[in-house]
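Student: need a 3D model of the following:
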Amino acid sequence: MSRDRSALESNHDNVPAKDSIGLLAGWGDFPVYVAETLRRQGYRVVGLGFHGHASRDLSRHCDVYREIGIAKLGGAIRFLKRHGVRRATMAGKIHKTVLFRRFLILRHLPDLKCLLTFYPHLIANTKDSKDDTLLNVVVDTYAQAGIEFAPATNFAPELLVKFGTLAGRRLTSGQQKDIQFGWQIAKELGRLDCGQTVAVKGQAVLALEAVEGTDQCIRRAGELCPAGGFTVVKVAKPQQDMRFDVPTIGLGTLEVLKQAGGKVLAIEADKTIVIQQDEVCDYAARNGLTVVALRDGAERIQGDAAA
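Tutor: The predicted structure follows:
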């Protein structure tokens, strides 16, 4: 836990010219970057960091900050409304595996609002628990309370990677074929709302992302292909809602790829967030990794990937 509640909320009357923006923060460096960007733009940042996920550094970059449990939906809404928030954004990953651990309710002690909202999905199982389903339930619940969500990339569009080769050597014909093959599969995974990442070698699927996330998918591919040299493809869903669950990579993704023995990472241009892009490109170049950002899938890979 960071500062106590009185200290966290003591500065909420010092409102600059622009509006207050709520920031719901999950795991990773992305929320810190978003908070820094919002403050540079003159917004008053009201941060809610999810316990066990948000960076300890995040509080320093918010005007008001509170750490909260992921099951405190009502508490989160009340906190944002108390600080005058009418617009909010999400940044950072929520580890969905927490939803499938034993004694879920006892571990997270959901408040009444959370219980009523998610009872059909997580307790009665009368509705599905797909990522898009749960996240849409969240944003709809906030909207009913007068808080609208906007994509974080509306405030920091420079995070969306541009088309081209970010780092590494020209793709071989085999790597191009693996990207083409993996792209189609990853898009289908996204359409089904199962995941966004696939690991491929020799046009054979090594690993598919599900609830465990990208890093674990890459590690599993390395375990199943100890010879290494495989390709990882990560794309946006065909129905991607840019308000949440936007594909994101950073230095950690490249470190996992290197450790697992992968050689190529293909991501979707204009729809993938790259955190600390300069550091990502430098690490890839120093470690013999190739990173490419492509558009539209297979039909543009061969002619454009190494251009």
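
Student: every contact and neighbour count from this point should use C-alpha atoms.
Tutor: Fine.

Student: nearest residue to Lys130 in space, please, no chain neighbours.
Tutor: Of all residues not flanking Lys130 in the chain, Asp193 sits nearest, at 6.4 Å (C-alpha to C-alpha, 6 or more residues apart in numbering).

Student: what number of residues lie near the one you found?
Tutor: Counted by other C-alpha atoms under 10 Å, the residues lying close to Asp193 total 18.

Student: report the contact partners of it.
Tutor: By C-alpha atoms under 8 Å, 6 or more residues apart in numbering, Asp193 lies in contact with 130-132, 237.

Student: skipping its backbone neighbours, what lies nearest Gly69 in space?
Tutor: Using C-alpha to C-alpha, 6+ apart and skipping residues adjacent in sequence, the residue nearest Gly69 is His51, 5.1 Å away.

Student: ok, back up a step: now the residue nearest to Lys130: how far from Asp245?
Tutor: Applying C-alpha to C-alpha, to the nearest Å, the value for Asp193 to Asp245 is 11 Å.

Student: and for Arg39?
Tutor: For Arg39, the distance to Asp245 (C-alpha to C-alpha) stands at 23 Å.

Student: what's the answer for Gln144, then?
Tutor: Look at Gln144 and Asp245: by C-alpha to C-alpha, they are 21 Å apart.

Student: which of the two has more neighbours?
Tutor: Asp245 (20 against 9).

Student: does the more buried one touch Lys93 like I think?
Tutor: Yes - using C-alpha atoms under 8 Å, Asp245 is in contact with Lys93, at 7.4 Å.

Student: ranges for the helices of the stretch 101-250 of the chain?
Tutor: Assigned by DSSP state H, counting those that start in this stretch, the stretch 101-250 of the chain shows helices spanning 104-108, 112-118, 131-144, 173-191, 214-224.

Student: looking at these, which is closest to Ala199?
Tutor: For these, proximity to Ala199 was assessed by C-alpha to C-alpha; helix 214-224 is nearest, at 6.3 Å.

Student: quick one: buried residues of the closest one?
Tutor: If you call a residue buried by 16 or more other C-alpha atoms under 10 Å, then helix 214-224 has these buried ones: 214-222.

Student: for that helix, what is the average pLDDT?
Tutor: Averaged across helix 214-224, pLDDT comes to 97.

Student: hmm, who's touching it?
Tutor: Helix 214-224 is touched from outside by 196-199, 206-210, 228, 232, 253, 256-257, 260-262, with contacts defined as C-alpha under 8 Å, 6+ apart.

Student: report the backbone C-alpha coordinates of that helix in CSV.
Tutor: As requested, the backbone C-alpha atoms of helix 214-224 are provided in CSV (Å, rounded to 0.1, in the frame of the first residue of the first chain):
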residue,chain,number,x,y,z
THR,A,214,1.4,-13.5,-24.0
ASP,A,215,4.5,-14.1,-21.9
GLN,A,216,3.4,-17.5,-20.7
CYS,A,217,2.4,-18.4,-24.3
ILE,A,218,5.9,-17.6,-25.5
ARG,A,219,7.5,-19.5,-22.6
ARG,A,220,5.4,-22.6,-23.4
ALA,A,221,6.5,-22.4,-27.1
GLY,A,222,10.1,-22.4,-25.9
GLU,A,223,9.5,-25.4,-23.8
LEU,A,224,7.9,-27.3,-26.7
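
Student: pLDDT below threshold where in the stretch 51-200 of the chain?
Tutor: Applying pLDDT under 70 to the stretch 51-200 of the chain flags the ranges 96-108.

Student: residue boundaries of the strands in it?
Tutor: 64-68, 87-91, 148-149, 164-167, 197-201 (DSSP state E, counting those that start in this stretch).

Student: tell me which of those sits nearest to Asp111.
Tutor: Comparing the strands of the stretch 51-200 of the chain by C-alpha to C-alpha, strand 64-68 comes nearest, at 11.5 Å.

Student: strands paired with that closest one, and their directions?
Tutor: Strand 64-68 sits in its sheet next to strand 44-50 (parallel), going by DSSP bridges.
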